[in-house]
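# using only what follows, build the 3D model:
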Amino acid sequence: MDLTINSTKTLHNGVEMPRFGLGVYKMTDKEEAVNAMITAIEAGYKAIDTAAVYENEQEVGEAVRNSAVKREDLFITSKVWNTDQGYDQTLRAFEASLERLGFDYLDLYLTHWAVPGKYEETYRAIQRLYDEKLVRAIGVSNHHQPHLERILAKANTKPMVNQIELHPQLTQGPLREFCAQQEIAVTSWSPLARGRLLDDAVLAEIAAKHNKTIAQVIIRWHLQNDLIVIPKSVTPSRIIENADVYDFSLAAEEIKAIDGLNQDWRTGTNPDDVKA
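Reported below is the predicted structural model:
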């Protein structure tokens, strides 16, 4: 796969989604967050992934307006939080997100978690936003196959993206295969397993061979697995380093070795444990 920082994944509705972007979870210091986002945009990042619950949508909008890149040349994702789920509540939550961002549309809007008894109606509302052309693409986050099957049974427009926790210790093979069958692109959150992998011996050996950091090797692993990846950092040098993954390629045996690190271990909540 010939990859660059400008590489995109074609979603099933034809929209081109950047394969690489900035995650902004826990970026709560206003000045630090805005500076990190501007640094990323100036380093070539074309996507920013936020959510209502992150409480930094306003900072995303400010960073975009203060960057040298046009809004239409960037891909902005946000998500509806659990307490705002349901049909009418989702429509109101979306309007609130747009107002905080200062935008008149979003590139991608997701259900944040599959809240029992609500996520189907939430997705129905998101479909309406898509039909009204307020969102260029729609999808879900943290949905397992049974959640997706319930949505697909009723959906007029099937999800274009499922954003899930995914890293070498949680490779999510069966769910990825199901999403591929349904033409649902997969985005990896917590792609570096929150630092847990940064002293792994297998990864260290591969990184040394390529004269790269372990984080860079992991990011490259995501990209070569046809995954969209959104590493998070507020440190300018790390933001730039995370994007420096296009001058090397992992061999098939190296990808297999990294796949072999899987333990089905999560840094976050199991979607099956989310309560109403």
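# counting neighbours, what do you get for Asp88?
Per other C-beta atoms under 10 Å, the neighbour tally for Asp88 reads 9. All C-beta atoms are positioned from the backbone trio N, CA, C, and that covers glycine.
# before we move on, what about Ala251?
12.
# ok, Glu121 next?
For Glu121, the count of nearby residues is 17 (other C-beta under 10 Å).
# so it makes contact with Val80?
No - look at Glu121 against Val80 with C-beta atoms under 8 Å: they stay out of range, at 11.2 Å.
# which secondary structure state is assigned to Lys9?
Secondary structure state of Lys9, per DSSP: H, G, I helix; E, B strand; the rest coil, is strand.
# start at 543, not 1
Yes, from this point I'll number from 543; that puts the last item at Lys551.
# how about the strands in the stretch 543-692 of the chain?
550-552, 558-560, 564-565, 589-591, 617-622, 648-653, 677-683 (DSSP state E, counting those that start in this stretch).
# picking up where we left off before, okay, and the common contacts of Glu663 and Val622?
Residues touching both Glu663 and Val622 (C-beta atoms under 8 Å, 6 or more residues apart in numbering) are Thr632.
# any idea how far the nearest residue to His752 once chain neighbours are set aside lies from Thr755?
With C-beta to C-beta, 6 or more residues apart in numbering as the criterion, His752 has its nearest non-adjacent residue at 4.6 Å, and that residue is Phe790. From Phe790 across to Thr755, the span is 11 Å (C-beta to C-beta, to the nearest Å).
# of those two, who's got more company?
Neighbours per residue (other C-beta under 10 Å) separate Phe790 from Thr755, with Thr755 holding more: 19 against 13.
# what secondary structure does the nearest residue to that one once chain neighbours are set aside sit in?
Among residues not flanking Thr755 along the chain, Ala749 sits closest, at 5.9 Å (C-beta to C-beta, 6+ apart). Here Ala749 is recorded as helix under three-state DSSP.
# any idea how far apart the tips of stretch 780-800 sit?
Start-to-end span of stretch 780-800 (C-alpha to C-alpha, to the nearest Å) is 22 Å.
# who's in contact with stretch 773-783?
Residues from elsewhere that reach stretch 773-783 (C-beta under 8 Å, 6+ apart): 564-569, 571, 574-575, 577-578, 581-582, 585, 587, 733-734, 755, 757-758, 761, 784.
# buried sites along it?
Under the neighbour-count criterion of 16 or more other C-beta atoms under 10 Å, stretch 773-783 has Pro773, Lys774, Ser775, Val776, Arg780, Ile781, Ile782, Glu783 buried.
# from the chain's centre, how far out does that stretch sit?
Offset of stretch 773-783 from its chain centre (C-alpha atoms, centre = their mean, to the nearest Å): 16 Å.
# centre of this protein to the edge, which residue is at the far end?
Relative to the centre of the chain, and counting by C-alpha atoms, centre = their mean, the farthest-placed residue is Lys751 at 28.5 Å.
# ok, that residue to Ala799 distance?
Using C-beta to C-beta, Lys751 is found at 11 Å from Ala799.
# and Lys774, by the same measure?
According to C-beta to C-beta, Lys774 and Ala799 sit 25 Å apart.
# show me what the closest residue in space to Leu671 that isn't next to it in sequence bridges to in the sheet.
Spatial nearest neighbour of Leu671, chain neighbours left out: Val677 (4.8 Å); criterion: C-beta to C-beta, 6+ apart. For Val677, the beta-bridge partners are Leu648 (DSSP bridges).
# how many neighbours does Val677 have?
Per other C-beta under 10 Å, the neighbour tally for Val677 reads 24.
# so it sits right up against Asp646, yeah?
No - using C-beta under 8 Å as the test, Val677 is too far from Asp646 to be in contact (11.1 Å).
# the most centrally placed residue in the chain: what's it in contact with?
In the chain, the centroid-proximal residue (C-alpha atoms, centre = their mean) is Thr729; its distance is 4.4 Å. Applying C-beta under 8 Å, 6+ apart, we find Thr729 in contact with Asp591, Ser683, Val703, Asn704, Gln705, Ile706, Leu769, Ile770, Val771, Ile772.
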